[in-house]
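Trainee: here is my input, please return the structure:
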Amino acid sequence: MTDAVFNQSPHKVRFEWGAEGVRCLAPLSDVVVLIDVLSFTTCVDIACSREALVFPYRYKDKSAELFAKSNGALLAKKRGQTPSLSPGSLVELDQEARIVLPSPNGSTCTVIAKESNACTIAGSLRNAFAVTTYIKHHYPDKVVSVIACGELWPSGALRPSIEDLIGAGAILSQFDQSNLSPEAKVAVSAFKFAEHDMRAVLMDCSSGRELIEKGFPDDVSMASELNASQTVPVFCDGAYKRFI
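Mentor: From the prediction side, this is the model:
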């Protein structure tokens, strides 16, 4: 009974947070959209727009090097180098490149989501409406769960991040609002609050200020570009690829 309370099952379009949200909702969903605005899913969008294959991986350690080698792929370097989890570093990525993007948030949620049979999509502010259009066309009237990946506190606990809440809301805002769970409707409200000054909101939120202090304001600007992309990255055979 407890699980049923939290799966938002009366509603076709749902919203949750983090890895546990994926574990809860993905097995009950036809489509899972993962949101990690700063910066995994934004990077996936940009890389896939160049016809790259993006392999998610949970850890940035020696095993990631072996994983990249086994897939004939580049391993993302630390932010500030090329390529990396900095969106700007991927703008000139070689066409049809293969790249591994380790991430404790977006990649981890992808790895968990792939254990279900749901179609898994990387969503962001940049491709929000394109993602919704794709879902409406290919999965009409199906169960859709949008997951804000969030960030992590130093303790490893989930830190809900408003940029992911807003990104989720951008996608959820395009569905029939009568199908949304209350959780999803709250995400839409966050998007409506931010949509007319998106860059300023992202620049001023905690995650945005963190990146700015580290010297990456352009990453925040790029991630805030609402509907700048028509790319829909779909996870298939171990990698995100652009749906055509």
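Trainee: mind listing what A184 touches?
Mentor: Each residue near A184 by Cβ atoms under 8 Å, 6 or more residues apart in numbering is listed here: Q8, H11, V13, R14, F15, V146, A168, L172. (Each C-beta comes from the backbone N, C-alpha and C, glycine too.)
Trainee: phi, psi of the fifth one?
Mentor: Read that as F15. With angles defined as degrees, to the nearest 10, F15 sits at phi -140, psi 140.
Trainee: with adjacent residues omitted, what lies nearest to it?
Mentor: A184 (4.0 Å; Cβ to Cβ, 6 or more residues apart in numbering).
Trainee: returning to what we had before: now render the contacts of A184 as a markdown table, adding pLDDT and neighbour count.
Mentor: Formatted as a markdown table, those follow (pLDDT from 0 to 100; neighbours: other Cβ atoms under 10 Å):
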| residue | pLDDT | neighbour count |
| --- | --- | --- |
| Q8 | 96 | 22 |
| H11 | 97 | 19 |
| V13 | 98 | 25 |
| R14 | 98 | 27 |
| F15 | 98 | 29 |
| V146 | 98 | 33 |
| A168 | 98 | 31 |
| L172 | 98 | 31 |
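Trainee: most widely separated two among those?
Mentor: The span of the contacts of A184, defined through Cβ to Cβ, is set by H11 and A168 at 14.5 Å.
Trainee: beta partners for the residue nearest in space to the middle of the chain?
Mentor: Centroid-nearest residue in the chain: I35, 2.7 Å away (criterion: Cα atoms, centre = their mean). Residues in a beta bridge with I35, per DSSP bridges, are G123, A148.
Trainee: contacting residues for it?
Mentor: By Cβ under 8 Å, 6+ apart, the neighbours of I35 are T41, G123, S124, V146, I147, A148, C149, D164, G167, A168, I171.
Trainee: show me just the buried residues among these.
Mentor: Using 16 or more other Cβ atoms under 10 Å as the burial test, the contacts of I35 include T41, G123, S124, V146, I147, A148, C149, D164, G167, A168, I171 as buried.
Trainee: packing partners of the host helix or strand of the first one?
Mentor: Okay, so that is T41. Using DSSP states H and E, T41 sits within helix 40-49. In this structure, helix 40-49 makes packing contacts with strand 53-57, strand 98-102, helix 106-113, strand 119-123, helix 217-223, strand 233-236, strand 239-242, judged by 3 or more Cβ pairs under 8 Å, 6 or more residues apart in numbering; DSSP states H and E.
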